[in-house]
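Student: Attaching a predicted model along with its sequence, questions to come.
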Amino acid sequence: MAKICFITVHVDDLENSKDFYVDTLGFAERDVPAGPGVAPLQGEGISPVLIEVENVTKPDYPNATQVIFGVETDDIQATFSEYKAKGVQFF
């Protein structure tokens, strides 16, 4: 069976999105060659690659074309509280 090693996330503002994924969610920027409008990130397990596009799908849960991912944690309540305090919106 094939193993997923990354997932792309379309964003409409690359710099703002990098700030959110790095500063809020705790991913790190990867130091690898990437084209303009592309930001590979690093986390444990499957890592997101942010790609800036003109017409990004807006949150309208559930929507078949959007990306939804879960974060593994040892304490879901603590993680929820931490992310909520940082302004993360949950659907």
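Tutor: Nice, I can see it.
Student: For the closest residue in space to residue 13 that isn't next to it in sequence, list the residues it contacts.
Tutor: Leaving aside its sequence neighbours, residue 13 sits nearest to residue 52 (Cβ to Cβ, 6 or more residues apart in numbering; 7.3 Å). (C-beta placed from N, C-alpha, C; glycine too.) Contacts for residue 52 (Cβ atoms under 8 Å, 6 or more residues apart in numbering) come out as 10-14, 17, 37-38.
Student: looking at the sheet around the residue nearest to residue 14 when sequence neighbours are not counted, what are its partners?
Tutor: Spatial nearest neighbour of residue 14, excluding adjacent residues (Cβ to Cβ, 6+ apart): residue 52 at 4.1 Å. Note on residue 52: beta-bridge partners by DSSP bridges are residue 11.
Student: Can you give me the distance of residue 52 to residue 16?
Tutor: Distance of residue 52 to residue 16, given as Cβ to Cβ, to the nearest Å: 10 Å.
Student: picking that back up, rebuild the contacts of residue 52 as TSV, extending it with distance to residue 84.
Tutor: Below are the contacts of residue 52 laid out as TSV (distance: Cβ to Cβ, whole Å):
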residue	distance to residue 84
10	24
11	21
12	23
13	22
14	25
17	19
37	30
38	29
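Student: These into a markdown table, with extra columns for pLDDT and neighbour count?
Tutor: Listed next are those as a markdown table, based on pLDDT from 0 to 100; neighbours: other Cβ atoms under 10 Å:
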| residue | pLDDT | neighbour count |
| --- | --- | --- |
| 10 | 86 | 16 |
| 11 | 88 | 20 |
| 12 | 88 | 13 |
| 13 | 90 | 12 |
| 14 | 93 | 16 |
| 17 | 91 | 20 |
| 37 | 92 | 11 |
| 38 | 93 | 14 |
